[in-house]
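Asker: make a model of this:
(chains A and B, ligands or ions: 1)
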Amino acid sequence: MSSKPRTLYEKIWDAHVVERRDDGTCLIYIDRHLVHEVTSPQAFEALRVAGRKLRRPDLTLAVPDHNLPTTARLDADGRRVPIADRESADQLATLERNAPEFGVRYIDAVAPEQGIVHVVGPEQGFSQPGTTIVCGDSHTAAHGGLGALAFGIGTSEIEHVMATQTLLLAPSKTMEVRVEGTLGAGVTPKDVILHVIGVIGAAGGTGYVIEYTGNVFREMSVEGRLTVCNMSIEGGARAGLIAPDETTFAYMQGRPMAPAGADWDKAIAWWRTLPTDPGATYDKVVIIDAADIAPCLTWGTSPEDVVPITGVVPDPMSFADPSKQVAAQKSLDYMGLTPGTRMQDVPVENIFIGSCTNSRIEDLRAAAAVVKGRKVAANVRQALIVPGSGLVKRQAEEEGLDRIFVEAGFEWREPGCSMCLAMNPDKVPAGERCASTSNRNFVGRQGPGARTHLVSPAMAAAAAVTGHLTDVRELEPVA
Amino acid sequence: MKPIREVEGRAIPLGLKNVDTDVIIPAQYLKTITRKGLGRGAFETIRAQPGNVFDDPEYKGANILIAGDNFGCGSSREHAAWALGDLGIDAVIAPSFSDIFSGNAFKNGILTVVLPQEAVDRLLEVAKTHPIGIDLENQTVTTPFQDRFRFEIDPFRKHCLLNGLDEVGMTLAQDAAISTFEGRMAADRPWL
Ligand code: SF4
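Answerer: Residues are numbered from 1 along each chain as shown, chains lettered A, B, ... in the order given. Coordinates of the predicted model:
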C-alpha cells in the first residue's frame, strides 16, 4: 500500500477501481444499485432490446416511490387500490414486470418496508459504509451520510450499471466543508446544510465531492448526516460524505441486509480504516463557524437563496453579480415577494413534512414536539406528514406521533415522494406557498406555479401552527 | 449512436443562468416509459411566455442551444437530454454545465461545449442573426465573422462522439477485468 495520506473519498475510490485508463478515468465497480419506477424503464428496455442480462441482480434493489399516491393503498377488503393516473400506473406496472424478469429484489408498493429509495436503502442496511452506491436520482448523495460514495446517475448510466456493474468515471476534486463549534438552539441538520449551500452557492460544489468534517457532523445522528449529504447536490456537488464512526456502526448493526456474524467483525475492521488520514489534503476547504448558523429557509427559486428566519426578503440589487440580480428579481416575481418583507410575516397555505431529506423518525419527532398541544392554523389549507418508509410510519405510530399530528389537523399519509415533486397527486396549487422540508425550491417543483420555502421539520411544524413562516425558537412552550 | 463531427446551423440564444432540468423538462413529462416524444414538454414554462426564443420563427430548425452558467443543474433526469434531442438539438454551448447533465448529454450523442462567458456573450449576439459552427475534431466554435473559440473536451468523450460508440458495449468487452475484480472483492469484503 502507498503511504501517501488519503481522504475518505480517495480510499473508497481506490478500493473500487477495476481499471485505470491513461487519461485518469477509471472503470469503477458499483456495490449497490437502487432502482425506482421513474428512471429505470428505459434502461430495462435498452437491455431487453440489446439482449443483455443484468449482471448482479443480488446487488440491486428496486422500490417504487416517486409517483405512488400517498393515500391508502389497500381498500377495506385488502385489495390494491388502482392508481388513477394512467401514466403513473404504467410506470409502476413496468417496474413490477421488469424486476422479476431481470431477477431484481423488489419491495412492492404495499410491502411494509416500502418507502423512498433513499430512506429504504440505509434503513434496510443495503447501503453501507465504504460502498459505491448509485441510483437514477440525484439525491442518492444522501447515502454518503453512512460514509459511502453515493451519487445520482442518468438512465444511460443505469443501463451501464445493470449490464456491467461498473461505471466509467473521472475522479472528482475534493472539498472539505468543516463546521466546528456549538450549534445554537433550534438549529437542525437541515439548517446546517441550507447554510452551507448559501455559503458555497448552488454551483459551488460542481466537480467536487464534499466531505463534511468537524465536531458538528461527528456529533450528529446518522439521520441528520443523511439529511446533510442528501442536499450536497443542491450545492452542485455530485456526492457528499461523512466519515463512518461508532455512531454509524451502531446504526448499521442488526439491519436486515447489513453484515452479520463473522462478516460484521470484518466489515467493521475495514470501515475503521476509511476515515481521512491525518495530513491528507483537499482541493478546496470551506470553514464555517457553527455559531453563525441560524434556523434558516429559502426565499427564492434556487437552494442558494438562503436567509435566516429572522431576516428579510433581499433586494435583488444587493447582489454584486448582475446575472444574480436578474435571477433574484425573477425569483421574487415568481415567489410573489417584495424586498424588505420580514420572512416571518409571510403566510403559508401548505405544509409538507416529508421527502428523502426529512422524513425519518427523528424528523417526525422534531415536528411532533412543536405540534404537540397545538392546532394547524386556519389559513393552512393542506398540511401533510409523509413518513419516508412504512417502517418509519410504524415506528411513529408506536410512539403515538401520528395521533399528535392528526389531532392538530395534519394528514397522516402513506410513504412516498409525495409533495417533494409534482409527479403524484400531492401538489401545491399554483400561486400558493408551501413550507416544505424537501430539498428543491425550483420553479414548478411542487406543482406548476407553486412557491416553495425550504425549511427544517421543526420550522415547517412551526409554520403550520402559526400559519406563517415562523422562528421556531420564539414559539412559547405549550404547558 | 450517430457519430458527430461538425454541427452547423442556427443557435437558440437562450443565455439564461442556472437552467435546471425541471425547466428543461418539467416533472409531469417524466412518466413516459420510452425515450421518444419529450420535445413537446421541453422548456414548457419558458415557452408559455409570449415572444420566447423557442417559438421565435427566426430560430426554427435550430440545432444548437446557447445558455448561461450551470446549465442542466438540478435533478439527474436523463429526460432532459432526451427532450433536447427530440427538439433537434445536437449541441449546447454554455460557460458551465452540471456534471450529471453533461454526462447524460454525452451518452445521448449531444455535444456540450464549455466556453468562457465573453465567448458565450459574443455567440449569443451572433446567433440572433447568423448561424454558427462547431468543429469537434478541431475543438473550435466559429462564426461567419471570423470569431474562432477553442474549447476543451475529454479525449475519451471526443473519441466516442466522433465514432458514435456505445459505452455499454465497450465496457462489456472488459468482462474479464470485471470478473477478476469481483473475485478479489469476494475475498476481501465478503459481506458485500
Ligand atoms: S423525495 Fe423528492 S428528492 Fe427524494 S427521491 Fe423522492 S422526489 Fe427525489
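Asker: got a list of what residue 54 touches?
Answerer: In the absence of a named chain, this looks at chain A. Shown in contact with residue A:54 (C-beta atoms under 8 Å, 6 or more residues apart in numbering or on different chains): A:47, A:60, A:102-104, A:162-163. C-beta: built from backbone N, CA, C; applies to glycine.
Asker: you looked at the wrong chain, it should be chain B
Answerer: Residue B:54 makes contact with B:12, B:42-43, B:46-47, according to C-beta under 8 Å, 6+ apart.
Asker: ok but it is inside a strand, no?
Answerer: No. Going by DSSP: H, G, I helix; E, B strand; the rest coil, the assignment for residue B:54 is helix, not a strand.
Asker: buried sites along the one helix or strand in chain A whose mean pLDDT sits lowest?
Answerer: Here the helix or strand of chain A ranked lowest by mean pLDDT, DSSP states H and E is helix A:41-50, holding a mean of 90. By neighbour count with 16 or more other C-beta atoms under 10 Å in any protein chain shown, helix A:41-50 contains the buried residues A:41-47.
Asker: in which helix or strand does residue B:100 reside?
Answerer: Counting by DSSP states H and E, the element that carries residue B:100 is helix B:99-107.
Asker: which residues make contact with that helix from outside it?
Answerer: Here helix B:99-107 has contacts from A:138, A:152-157, A:206-207, A:238, B:21, B:71-73, B:76, B:78, B:80-81, B:84, B:92, B:97, B:111-112, B:157, B:160-161, B:167, using C-beta under 8 Å, 6+ apart.
Asker: quick one: pLDDT of residue A:2?
Answerer: Per-residue confidence (pLDDT) for residue A:2: 54.
Asker: domain assignment for chain A?
Answerer: Using automatic domain parsing, the domains assigned to chain A come out as A:8-169, A:173-292, A:296-474.
Asker: end-to-end on the first one?
Answerer: To tie it back to what came earlier, the one meant is domain A:8-169. Domain A:8-169 has an end-to-end distance of 17 Å (C-alpha to C-alpha, to the nearest Å).
Asker: just the closest residue of the stretch 201-350 of chain A to the ligand, please.
Answerer: Using C-beta to the nearest ligand atom, the closest approach of the stretch 201-350 of chain A to the ligand is made by residue A:230 at 7.6 Å.
Asker: show me where the stretch 51-200 of chain A has its helices.
Answerer: Using DSSP state H, counting those that start in this stretch, the helices found in the stretch 51-200 of chain A span residues A:86-102, A:117-124, A:155-164, A:189-200.
Asker: correction: chain B
Answerer: Ranges of helices in chain B, per DSSP state H, are B:21-24, B:44-47, B:79-87, B:99-107, B:117-127, B:155-163, B:167-172, B:175-188.
Asker: compare those helices and give me the one nearest residue A:374.
Answerer: Smallest distance to residue A:374 across the helices of chain B (C-beta to C-beta): 33.9 Å, for helix B:21-24.
Asker: what about the closest one, near chain A?
Answerer: Yes. Contact of helix B:21-24 with chain A (C-beta under 8 Å from any C-beta of the partner chain) involves B:22-23.
Asker: which strands or helices does that helix pack on?
Answerer: Judged by 3 or more C-beta pairs under 8 Å, 6 or more residues apart in numbering or on different chains; DSSP states H and E, the packing partners of helix B:21-24 are helix B:79-87.
Asker: ok, residue 114 - contacts?
Answerer: As the question left the chain open, I've gone with chain A. Shown in contact with residue A:114 (C-beta under 8 Å, 6+ apart): A:63-65, A:107-108, A:120, A:389-390, A:415.
Asker: um, chain B though
Answerer: Residue B:114 neighbours (C-beta under 8 Å, 6+ apart): B:94-97, B:151-152.
Asker: ok, now with 10 Å
Answerer: B:71, B:92-97, B:102, B:120, B:151-153 (C-beta atoms under 10 Å, 6 or more residues apart in numbering or on different chains).
Asker: how close does the nearest residue to residue A:180 once chain neighbours are set aside sit to residue A:293?
Answerer: Once flanking residues are discounted, residue A:180 sits nearest to residue A:214: 4.2 Å by C-beta to C-beta, 6 or more residues apart in numbering or on different chains. Per C-beta to C-beta, to the nearest Å, residue A:214 is found 12 Å from residue A:293.
Asker: more crowded one of these two?
Answerer: Using other C-beta atoms under 10 Å in any protein chain shown, the more surrounded residue of residue A:214 and residue A:293 is residue A:293, with 24 against 17.
Asker: that one contacts residue A:192, doesn't it?
Answerer: Yes. Using C-beta atoms under 10 Å, residue A:293 is in contact with residue A:192, at 5.8 Å.
Asker: mutual contacts of the two, please.
Answerer: With contacts taken as C-beta under 10 Å, 6+ apart, the residues that reach both residue A:293 and residue A:192 are A:179, A:183, A:216.
Asker: which residues sit in contact with the first one?
Answerer: Contacts for residue A:179 were tallied using C-beta under 10 Å, 6+ apart; they are A:192-193, A:195-196, A:212-217, A:220, A:228, A:286-290, A:292-293.
Asker: equivalent analysis for the second one, please.
Answerer: Applying C-beta under 10 Å, 6+ apart to residue A:183 gives the contacts A:189, A:191-192, A:215-216, A:219-220, A:290-291, A:293-294.
Asker: and it, what are its phi and psi?
Answerer: The phi and psi torsions at residue A:183 (degrees, to the nearest 10) take the values phi -70, psi 140.
Asker: pLDDT at it, what is it?
Answerer: At residue A:183, the model reports a pLDDT of 97.
Asker: now do residue B:169
Answerer: You'll see residue B:169 listed with a pLDDT of 84.
Asker: now do it: how many residues are near it, please.
Answerer: Burial of residue B:169 is recorded as 12 neighbouring residues (other C-beta under 10 Å).
Asker: next: the one 4 residues further on.
Answerer: Here the count is done by other C-beta under 10 Å, and residue B:173 has 9 residues near it.
Asker: okay, it and the ligand: tell me how far apart.
Answerer: Separation of residue B:173 from the ligand (C-beta to the nearest ligand atom, to the nearest Å): 34 Å.
Asker: list the residues that contact that residue.
Answerer: Going by C-beta under 10 Å, 6+ apart, residue B:173 touches residue A:164.
Asker: of the contacts of helix B:99-107, list those near the ligand.
Answerer: When C-beta under 6 Å from any ligand atom is applied, no member of those is adjacent to the ligand.
Asker: mark which of the residues you listed are buried, thanks.
Answerer: Among the contacts of helix B:99-107, the ones that count as buried (16+ other C-beta under 10 Å) are A:138, A:152-157, A:206-207, A:238, B:21, B:71-73, B:76, B:78, B:80-81, B:84, B:92, B:97, B:111-112, B:157, B:160-161, B:167.
Asker: number of residues surrounding residue A:35?
Answerer: Using other C-beta under 10 Å, residue A:35 has 30 other residues around it.
Asker: what sits closest to residue B:116 if chain neighbours are left out?
Answerer: residue B:95 (6.5 Å).
Asker: OK, contacts around the one you found?
Answerer: Residue B:95 is in contact with B:17, B:67-71, B:114-121, counting by C-beta under 10 Å, 6+ apart.
Asker: show me where pLDDT drops low in chain A?
Answerer: A:1-2, A:479 (pLDDT under 70).
Asker: need the residues of it near the ligand, please.
Answerer: Proximity of chain A to the ligand, by C-beta under 6 Å from any ligand atom, involves residues A:65-66, A:116, A:118, A:137, A:139, A:355-356, A:417, A:420-421, A:438-439.
Asker: thanks again, I'm all set now.
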